[in-house]
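[1] coordinates for the following, if possible.
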Amino acid sequence: MVLYAMDGQESKAVDWALISEAGFFNGTRVITTMQSQGPWIVDFARHMARLTAHAEAMNLSALPKIEHLKFEIESMIQKLKAPELCRIRVIIFKDKSGLQHHMISVASEQALAIEQRQAQGVKLSLVNDKAWPRGGLVKTGILGQRGLQLEQAKDSGFDDVLWANGDGEIAEATSSNVFLIGRTGDLVEIATPPQSSGILAGITRQRVMELLNSAKIPVTERLISQDEIPGFDEGFLTSSVSGLIPVTQIGRHRLHSLRGQAVFHHVARLYKTWLSLGLANEGVDVGGLGGQASSSKLHRDQLS
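    Residues are numbered from 1 along each chain as shown. I've put the predicted structure just below:
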């Protein structure tokens, strides 16, 4: 079951007529997607801060008050009888007259489906999008050619697409950020593409980087060429709804993200510990959850 609210008015169906007449499909919109666990909306404040920043970048103004949005969302969760997990989406857009709207959708999320992806991992098709520019993007949704390429990847047996930009730099998956893990001898590197590669720097991506840094486990933001993919041993995706999902294959290159001693398991434990403690507030000290390291790479035995 999905509940919708348009400008504070709840319904069981979205008003597609209003949306289709608006500038929704030509880019005058911003989106954020969150997850709730019971009554707790994970990283709500961070999602709202990003939504506000993106709205300003798109010349959207007079946003609903954050406390009003939170009240609406919590009310909808309660009407769904507070399932274990909910997927929450907030969209701000203008219609043709320039009138601004906000739409919220709240849907029960299948915890089992997420657990299966976390247990089985995902396979990614590597696609070089020549039209993808470098530089950080505002989250407006994926339409058109990229949606078609995603469907083609799924028809070929992949679960998602890992996009490379026009310069051949790894960017992100369809609705997730990516981390890649490589080894040189006993040294381990955890790397993720920077915003300059054209990614949307996700909330969960930032949270994972902070958890790693607080645990003294180095993580590097750097340009990653698609030609480097065969040199990585593990990888994982981060998203606000699915959390951390191991990657088992990129194109023809197989990854060992699910083996017993994989670094991914250590990173996933850090994130699950943070979730289980209910640390919803930014700036919480999670030091002590990991080992010690001081350079951009660390020794493998520091993750055991």
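[2] domain assignment for this structure?
    Domain assignment of the chain by automatic domain parsing yields the ranges 2-109, 114-303.
[3] any chance of those in TSV, with mean pLDDT too?
    Below are these laid out as TSV (pLDDT from 0 to 100):
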stretch	mean pLDDT
domain 2-109	84
domain 114-303	84
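[4] using TSV, lay out these together with mean neighbour count.
    All C-beta atoms are positioned from the backbone trio N, CA, C, and that covers glycine. Below are the domains of the chain laid out as TSV (neighbours: other CB atoms under 10 Å):
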stretch	mean neighbour count
domain 2-109	16
domain 114-303	18
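[5] could you say which helix or strand holds residue 46?
    Assigned by DSSP states H and E, residue 46 falls within helix 44-57.
[6] ok, and the closest non-adjacent residue to the residue positioned nearest the centre of the chain?
    Taking CA atoms, centre = their mean, the centroid of the chain lies closest to residue 239, which sits 2.6 Å from it. Nearest in space to residue 239, with sequence neighbours left out and distances taken as CB to CB, 6 or more residues apart in numbering, is residue 176 at 4.2 Å.
[7] quickly note the distance from the one you found to residue 70.
    25 Å (CB to CB, to the nearest Å).
[8] can you give me the helices in this protein?
    Under the criterion DSSP state H, the chain contains helices at 16-21, 44-57, 66-79, 111-120, 145-155, 203-214, 263-276.
[9] quick one: closest of those helices to residue 256.
    Closest to residue 256 of the helices of the chain, according to CB to CB: helix 263-276, at 9.1 Å.
[10] show me what the closest one is packed against.
    Under the contact criterion of 3 or more CB pairs under 8 Å, 6 or more residues apart in numbering; DSSP states H and E, helix 263-276 touches strand 177-184, strand 187-192, helix 203-214, strand 234-239, strand 243-250.
[11] for the fourth one, output the C-alpha coordinates as PDB.
    Only the C-alpha atoms of strand 234-239 are listed here, as PDB (Å, rounded to 0.1, in the frame of the first residue of the first chain):
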ATOM      1  CA  GLU A 234      35.300  -5.900  -3.900                       C
ATOM      2  CA  GLY A 235      32.700  -3.200  -4.200                       C
ATOM      3  CA  PHE A 236      29.400  -2.100  -2.700                       C
ATOM      4  CA  LEU A 237      26.600   0.300  -3.300                       C
ATOM      5  CA  THR A 238      25.100   2.800  -0.800                       C
ATOM      6  CA  SER A 239      21.600   4.200  -0.900                       C
END
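[12] next, the angle helix 263-276 makes with it.
    30 degrees (axes from the mean of the first three to the mean of the last three CA atoms, to 10 degrees).
[13] direction included, what does strand 234-239 pair up with?
    strand 177-184 (antiparallel), strand 243-250 (antiparallel) (DSSP bridges).
[14] distance to residue 56 for those - can I get that in TSV?
    What follows is the strands paired with strand 234-239, written out as TSV (distance: least, CB to CB, whole Å):
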stretch	distance to residue 56
strand 177-184	22
strand 243-250	29
